[in-house]
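Engineer: The following comprises the amino acid sequence and a computationally predicted model.
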Amino acid sequence: MSGLAATTLRSALLHLETAFLFTRSDYKTILFPVIVFALVLSPRRHPLALSHALCWVWLHLLQANVSNQTYSAHEDVVNKPWRPVPSGRISVRDCRALRWRLTVFCLGLSFLSSVNALISSALLTVVEIVHDDFGLSHHPVFKNLCNVGGYTTFEIGATLVLSGESYLDGTSITALACSALVIFMTIHAQDFADANGDRMSGRRTLPIVAPEGSRVYMLCALPLISLALSFIWSLGPLCSVLFVSTGLWVGLRCFLFRDEINDQSTYLLYNMWLLGVHLLPANARFRVLAW
């Protein structure tokens, strides 16, 4: 391999690693649950369509994370020092320039898919602007609303791209509504482990505003939401017990174990529960959870 080729390869691998580090935190929170959601609800599961949907979600995830991390470098020094900006891989100025280039690229990619995918991409951009540029991420309720808006646009876009359809059917709309409510009511599970960095940046997340109440809330909300979803999706008795028990265990861990290391472990379990939330509509499609 020539010197020029080797240098080009090293540069490409460095850029790919930087892109991975931008998105590393959200594979378990967004990429996997959203793709599962789309796979469950889409009538088309062709490998090529799945690859297109994966690219759509990952590129939009990269866009969203680059946007967010242009403003979170000071707290990432504490919470996630391996991210590209605090680790010195990229400057804030270059990060902001990359953010707008990715926005244009993602809008163009969505335009090639469908009008509704383009609308989803545009709405995600609006959510990013109000969350990051207008500072709604610093308010506990508005932050959750932005999370709902972002998550919903990911789910709609992925489902439309995978299915090749221009609309969502009744089951998809019900699943989307359930997902939005779950995200709004529980997504602050991600904030417990990040409380120190959020406090330094002036953010008012629920674990900071109500350190005790937010944990009591999670203890009560997760099993109750699990029970409600079991009824909505008509799960069988064994599946219902397993799903509700998972929600109860995550809630108990959040309430009982309160140091940063345990909060990180609890958040990982929460993401497994969230993945289960996105699998539940499969019972409406295929009756695979009726036992």
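Structural biologist: Good, I have the coordinates.

Engineer: what's residue 216 in contact with, if anything?
Structural biologist: residue 255 (C-beta atoms under 8 Å, 6 or more residues apart in numbering). C-beta: built from backbone N, CA, C; applies to glycine.

Engineer: CA atoms only: put the helix or strand hosting it into CSV for me.
Structural biologist: Per DSSP states H and E, residue 216 falls inside helix 211-232. The C-alpha trace of helix 211-232 is given here as CSV (Å, rounded to 0.1, in the frame of the first residue of the first chain):
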residue,chain,number,x,y,z
PRO,A,211,-34.0,14.0,43.7
GLU,A,212,-36.3,11.9,46.0
GLY,A,213,-39.6,12.4,44.2
SER,A,214,-38.2,11.5,40.8
ARG,A,215,-37.0,8.1,42.2
VAL,A,216,-40.3,7.4,43.9
TYR,A,217,-42.0,8.3,40.7
MET,A,218,-39.9,5.8,38.7
LEU,A,219,-40.6,3.1,41.3
CYS,A,220,-44.3,3.6,40.8
ALA,A,221,-44.5,4.5,37.1
LEU,A,222,-42.5,1.8,35.5
PRO,A,223,-44.6,-1.2,36.7
LEU,A,224,-47.9,0.7,36.2
ILE,A,225,-46.9,1.6,32.6
SER,A,226,-45.8,-2.0,32.0
LEU,A,227,-49.2,-3.2,33.3
ALA,A,228,-51.1,-0.8,31.1
LEU,A,229,-49.1,-1.7,28.0
SER,A,230,-49.7,-5.4,28.7
PHE,A,231,-53.5,-4.7,28.5
ILE,A,232,-53.2,-2.5,25.5
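
Engineer: distance of residue 8 from residue 101?
Structural biologist: Computed as C-beta to C-beta, to the nearest Å, the residue 8 to residue 101 distance reads 20 Å.

Engineer: next one: residue 162
Structural biologist: The span separating residue 162 from residue 101 equals 26 Å under the rule C-beta to C-beta.

Engineer: roughly how far is the helix holding residue 216 from the heart of the chain?
Structural biologist: Averaging C-alpha positions (C-alpha atoms, centre = their mean, to the nearest Å) puts helix 211-232 19 Å from its chain's average.

Engineer: who does the next helix or strand after that helix touch, helix- and strand-wise?
Structural biologist: From helix 211-232 onward toward the C-terminus, using DSSP H and E, the following helix or strand is helix 237-256. When contacts are defined as 3 or more C-beta pairs under 8 Å, 6 or more residues apart in numbering; DSSP states H and E, helix 237-256 packs onto helix 211-232, helix 260-279.

Engineer: nearest to residue 29, of the ones you listed?
Structural biologist: helix 260-279 (5.7 Å; C-beta to C-beta).

Engineer: circling back to that earlier point, now the helices and strands packed on helix 237-256 as CSV including mean pLDDT and distance to residue 70?
Structural biologist: Shown next, in CSV, are the helices and strands packed on helix 237-256 (pLDDT from 0 to 100; distance: least, C-beta to C-beta, whole Å):
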stretch, mean pLDDT, distance to residue 70
helix 211-232, 97, 27
helix 260-279, 95, 23
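
Engineer: Mind checking those helices for the one nearest to residue 59?
Structural biologist: Of the helices and strands packed on helix 237-256, nearest to residue 59 by C-beta to C-beta is helix 260-279, at 20.2 Å.

Engineer: export that closest one as PDB, just CAs?
Structural biologist: This file holds the C-alpha atoms of helix 260-279, laid out as PDB (Å, rounded to 0.1, in the frame of the first residue of the first chain):
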ATOM      1  CA  GLU A 260     -23.500   7.000  39.800                       C
ATOM      2  CA  ILE A 261     -22.200   3.500  38.900                       C
ATOM      3  CA  ASN A 262     -25.600   1.800  39.900                       C
ATOM      4  CA  ASP A 263     -27.500   4.600  38.000                       C
ATOM      5  CA  GLN A 264     -25.600   3.700  34.900                       C
ATOM      6  CA  SER A 265     -26.400   0.000  35.300                       C
ATOM      7  CA  THR A 266     -30.100   0.900  36.000                       C
ATOM      8  CA  TYR A 267     -30.200   3.000  32.800                       C
ATOM      9  CA  LEU A 268     -28.900   0.000  30.800                       C
ATOM     10  CA  LEU A 269     -31.700  -2.100  32.200                       C
ATOM     11  CA  TYR A 270     -34.200   0.700  31.500                       C
ATOM     12  CA  ASN A 271     -33.100   0.500  27.800                       C
ATOM     13  CA  MET A 272     -33.700  -3.200  27.800                       C
ATOM     14  CA  TRP A 273     -37.200  -2.500  29.100                       C
ATOM     15  CA  LEU A 274     -37.700   0.200  26.500                       C
ATOM     16  CA  LEU A 275     -36.700  -2.200  23.800                       C
ATOM     17  CA  GLY A 276     -39.400  -4.500  25.200                       C
ATOM     18  CA  VAL A 277     -41.900  -1.600  24.900                       C
ATOM     19  CA  HIS A 278     -41.100  -1.400  21.200                       C
ATOM     20  CA  LEU A 279     -41.500  -5.200  20.700                       C
END
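
Engineer: Nothing else from me, thank you.
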